[in-house]
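Colleague: below are the sequence and a predicted model; questions follow.
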Amino acid sequence: MQFYAGEYDVVVIGAGHAGCEAALASARMGLRTLVTAMNLDSIAMMACNPSIGGPAKGNLVRELDALGGEMGVNIDKTMIQIRMLNTKKGPAVRALRAQADKKLYAERMKKVLEEQENLYVIQAEILKINTENGKVAEVVTNLGAVYKCKSVVVAAGVYLRGKIVIGEVSYSGGPNGLFPALELSNSLEEMGLKLRRFKTGTPARIDGKSVNLNKMSEQPGDRDINTFSFMTGDIELNQLSCYLTYTNENTHKVIKDNIRRSPLYTGDIVGVGPRYCPSIETKVINFPDRDAHQIFIEPEGLHTKEMYVQGMSSSLPLDVQIDVLHSVPGLENCHIMRAAYAIEYDCIDTTQLNLNLEYKNMEGLFFAGQINGSSGYEEAAAQGIIAGINAALKVKNLPPFILDRSEAYIGVLIDDLVTKGTEEPYRMMTSRSEYRLILRQDNADLRLTQKGYELGVVSEERYRRFISKKESIEKELERLKDTNIKLNQKVRDYLQRQNSSEIKGGISLYELLKRPEIYYDSLKEIDENMPHLEREVEEEVEILIKYEGYIKKQLSQAEQFKKLENKKVPIDMDYMNIKGLSLEAKEKLNDIKPINLGQASRISGVSPADISVIMIYMEQLRRIRKNEKD
Amino acid sequence: MIGGIFRMIDETIAAIATAPGEAGIGIIRLSGDKALEILEKIFRPRRKLDVKNIPSRKVTYGHIIDDNNNIIDEVLAIVMRSPYSYTTENIVEIHCHGGIIPVRKIMELVLKSGAVIAEAGEFTKRAFLNGRIDLSQAEAVIDVITAKTETGLNAALNQLEGSLSQEIKDIMADLLTIIAHIEASIDFPEHDIEEVTNENIINLAKKSKKAVIDLINSFDEGRIIRDGLNTAIIGRPNVGKSSLLNVLLKENRAIVTDIPGTTRDIIEEYLNIGGILIKLIDTAGIRETSDLVEQIGVERTRQAIKESELVVFVIDMSTELQKEDYEIIEYISDKKTIVAANKIDIDKKINMEYLVNRFGNENIVQMSAKEGTGIDDLEKKIKGLVFHGDISLKKNKMVTNIRHKDLLEKALESIDRAISSIEADIPIDLVSVDIRESWSKLGSITGDTVEEDIVTEIFSKFCIGK
């Protein structure tokens, strides 16, 4: 028995990290939005590690925040440790990483959803998406409720046909003891989507009181507290530590002795797992020379004793897991509260999507998060906001919002997924970005907030802050250019203290700051008029001056890149009809349907000559059409 | 990757418009915004004339000079300003002396000054895209772009250059090791990846630098494919060496007479047989002589044989082998030889059996330079020897292609920058930018740069996981 239950502009299926951002973006753009979760207590659940950020991932969070997303604010309010990583490795790869209180994180996000105007939350499993004339029309819940809608964002995570595997035990299930979603895959397949099986896993959680932390080395948070959101400002934080220990020969022996019982080796798992988070058994087998692997013991929250055993992801049987853990210093008597497990799930081949994350063969059907074959909370959330914005733009009949590879890590992420596709759960890494010197975490707002404001997802307050920061930076850069210093005793002493060579005649502070050994902060010793600026402004000014040469070079490379990106290609072009293209290029181009020549050039199998041929063909079409008009 | 294999459409392109090896004049053509700017850098007009003010479509006489103000060649420059040119962009043509050396040097200067090498059909492509070529010719334009220029030749070149490509891959592997180390330590800062020490990076980078420099130098040292297969045409006087040469060149360059000994000097000529550049060395005959001029010629001939990779031994079939023929046979005993048995148009008097025993039937071509018969066979034989690898190249790791050299030089620049950055204690993130750039430039030579390689390398080298 089905019944009509209401009408929404946008329905978001799933309220994990992708679903939350999608729903919030859509609602903030003024659209009536429904977000569903199979269990409302699992909204924004951190099903795996209790942390957010890290290299590249931290950049994604900053970008999301610059676009008015929620993840940055949410982690700032619920974190229990913060660290800035890679501080000495260069300005573009500094990365924030926070340990979260998982429960607080999820609770606060749920509250934000509930309080958001235009946004409605329900507990339901969506069984089917109904379509009309090549467009999405309705979603149907497990309780027979039918919701009319104009756009749907599928953010179903790892629930679709989920299968849990722990050693010889396997059963149909979702993450963290939740139910799987067994119906929706059928509906997607009916719409022509190709699905595939990926696999991921999570380590055991252990009882903190059974762990001997004295045998491990403490990993405290930073003294100097940084935050993710450009809105947070200075905060105080009582931090918890993480702890580091190592596996040893005994651990490896237990694993080798029992390797035949691993489902990865028995063939019980067929899904493709990620190379960057191999299970402990994979690590031991693939790197036989290593006599120790790192294990981090991380708190899961303020109000729980549960601890996450990072580095011990496994699908070995529980009895082996116990022996493995007990072989590690400090874990000899540890009590496992939740066993490690592997989960296999359906996800889609993302080359079936357009760059706005909409399915090519169904108008109004968007996808975001792990169902797209990505992995990680940050990757999911980043896609979520883009899918949410585009689902809303679709309803409003406005052109899609697409960030390119030179504008944001989000652009790299989505272009990689859609244009190149992925053969394993996709993780963002800084090495995937060609223009990372300009895609820094410190300038995410300068890159994106204006765009977010124009879309309507950025609040007035955030916009005002952004404008004021931007102006301060420009003003200070000018001032440093215009301030010349002359060699006098004070300057001479200063330069000596900094181990810097003497100046001849005069030099602007701007030029002086280019010297690697001179820091903005120390300049105040010779710069009497130095204004008191916010830390993030100082940071930006310093980076822009110190690394000007490198940054300028990447900017000009990005500009070159943009030229091909700006050569639009009609999305309905039939490449099979273009004479001169290689067969492989024809097929790939017809599959991917690139929106511009830049995207076309990144499709594997498309050569520079193919691009030339397309250019000639398009010019041909243009002239024929012009002739017809005349 | 940075730059990538896809070039931008607004770059200034350059190409050598004349066939390699052809004497007379060589033409280098540039098209694009920067064409005039580049000309300004390398051209000194004879009359005090600002290059910017050179009138369109007028011939200007002057010199091409390099960075150190050395004169490379005297040339004529022609400027065709946008939109009145073939591509409708600014076009510059430099007419220089023909032959390999000046053309190549000028081309190198042009590239150094900011031009990029034109792809096949790129001038035509631009002409079409800019509306210069009629719509009806669009398909022809596509054919030009996609034409596999001398497919067989390309395949052969790849075979020849297998060792070069291996060498470049080896350098790339070292660079990739550096990249993976840096990237892994950046992307996985808390994993106990052995920290890359600056010393390690510098050592590997310096090793790569040296290898790249060696390759760049190999370009200047010359090579068969680029400078021609050194081919000595020898034979006693008046067997028809020069006639053969002339037939091969299809033009009358050497002096041909019936008086023995008229070819007194060595004449170098280039010809293109199936895409292989053949450097023909026409020689005076080897014989003891009291004529001083001829003596010099004979000495040079011996030298030429020494330097040659292939000898075309011309004999006269209308007479028996002479003492001088036997002397030559003795002299070329260790050389790869093709016997051109000339004058089949006249009565055959020669004893073929001896020749077949000595050289093998497959290396003898019966022909007539006068009537043009058997020439195709001769060309096929020469080509076959190169393609089947019977001729051992003097050096095997050589750069022959100017585009490759250009990319190697750019790779070198990036490695140099990386090395000085490390020495200046610049953060590794920035060092990585330059190393990646050099890696990607080398990859454009082998066609191997794939971003995914970096990720794969990281995961295969380092144990990373949660």
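Modeller: Now that the structure is in, tell me what you want to look at.
Colleague: mind telling me which residue of chain B is nearest chain A?
Modeller: Chain A sits closest to residue B:429 of chain B, with a gap of 2.4 Å, by C-beta to the nearest C-beta. C-beta here means a position set from N, CA and C on the backbone, and glycine is covered the same way.
Colleague: just give the closest residue to that residue, not the sequence neighbours.
Modeller: residue A:90 (2.4 Å; C-beta to C-beta, 6 or more residues apart in numbering or on different chains).
Colleague: before we move on, the earlier item: next, count neighbours for the residue of chain B closest to chain A.
Modeller: 23 (other C-beta atoms under 10 Å in any protein chain shown).
Colleague: and it, what helix or strand is that in?
Modeller: helix B:428-446 (DSSP states H and E).
Colleague: next SSE after that helix?
Modeller: helix B:451-461.
Colleague: list the contacts of the residue of the stretch 401-550 of chain A found nearest chain B.
Modeller: The nearest approach of the stretch 401-550 of chain A to chain B comes at residue A:431, 4.1 Å away (C-beta to the nearest C-beta). By C-beta atoms under 8 Å, 6 or more residues apart in numbering or on different chains, the residues touching residue A:431 are B:179, B:183, B:186-187, B:451, B:454-455, B:458.
Colleague: if we use 10 Å, what do you get?
Modeller: Applying C-beta atoms under 10 Å, 6 or more residues apart in numbering or on different chains to residue A:431 gives the contacts A:55-56, A:93, B:179-180, B:182-184, B:186-187, B:432, B:436, B:451, B:454-455, B:457-458.
Colleague: now swap in residue B:168 and tell me
Modeller: By C-beta under 10 Å, 6+ apart, residue B:168 lies in contact with B:161, B:211-212, B:215, B:397, B:399, B:404, B:407-408, B:411, B:442-443, B:445-446, B:448.
Colleague: and residue A:160, by the same measure?
Modeller: Per C-beta under 10 Å, 6+ apart, neighbours of residue A:160: A:14, A:154, A:174, A:180-186, A:188, A:195, A:197, A:345-348, A:370-371.
Colleague: swap in residue B:355?
Modeller: Each residue near residue B:355 by C-beta under 10 Å, 6+ apart is listed here: B:313, B:315, B:317, B:321, B:325, B:329, B:339, B:341, B:361, B:363-364.
Colleague: try it again with 8 Å
Modeller: By C-beta under 8 Å, 6+ apart, the contact list for residue B:355 reads B:315, B:321, B:339, B:341, B:364.
Colleague: over to residue A:502?
Modeller: Contacts of residue A:502 by C-beta under 8 Å, 6+ apart are A:487, A:492, A:495.
Colleague: measure it to residue A:508 for me?
Modeller: Distance, residue A:502 to residue A:508, using C-beta to C-beta, to the nearest Å: 16 Å.
Colleague: picking that back up, and of the contacts of residue B:168, the nearest to residue A:339?
Modeller: The closest of these to residue A:339 turns out to be residue B:448 (C-beta to C-beta; 44.1 Å).
Colleague: what packs against the helix or strand hosting residue B:206?
Modeller: Taking DSSP H and E as the criterion, residue B:206 maps to helix B:198-221. Judged by 3 or more C-beta pairs under 8 Å, 6 or more residues apart in numbering or on different chains; DSSP states H and E, the packing partners of helix B:198-221 are helix B:162-187, helix B:402-423, helix B:428-446.
Colleague: coming back round to it: show the buried residues in the contacts of residue A:160.
Modeller: Buried members of the contacts of residue A:160, scored by 16 or more other C-beta atoms under 10 Å in any protein chain shown, are A:14, A:154, A:174, A:180-182, A:184-185, A:188, A:195, A:345-348, A:370-371.
Colleague: ok so, going back, narrow the contacts of residue A:160 to those in strands?
Modeller: Among those, the residues falling in strands (DSSP state E) are A:154, A:195, A:197, A:345-348.
Colleague: so what's the residue lying closest to residue A:173 once chain neighbours are set aside bridging to?
Modeller: In this structure, residue A:173 finds its nearest non-sequential neighbour in residue A:164, 4.2 Å apart by C-beta to C-beta, 6+ apart. Residue A:164 has these beta-bridge partners by DSSP bridges: residue A:171, residue A:343.
Colleague: I'd say residue A:164 and residue A:342 touch.
Modeller: Yes: using C-beta atoms under 8 Å, residue A:164 is in contact with residue A:342, at 7.4 Å.
Colleague: quick one: which of those two has more around it?
Modeller: Higher neighbour count among residue A:164 and residue A:342: residue A:342, with 26 against 21, using other C-beta under 10 Å.
Colleague: the more buried one against residue A:201, yeah?
Modeller: Yes: at 4.1 Å, residue A:342 and residue A:201 qualify as touching, with contact defined as C-beta under 8 Å.
Colleague: shared neighbours, these two?
Modeller: A:273, A:279, A:314-315.
Colleague: which PyMOL command selects the buried ones in those?
Modeller: Here is the PyMOL command that picks out the buried ones among those, judged by 16+ other C-beta under 10 Å:
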select buried, chain A and resi 273+279+314+315
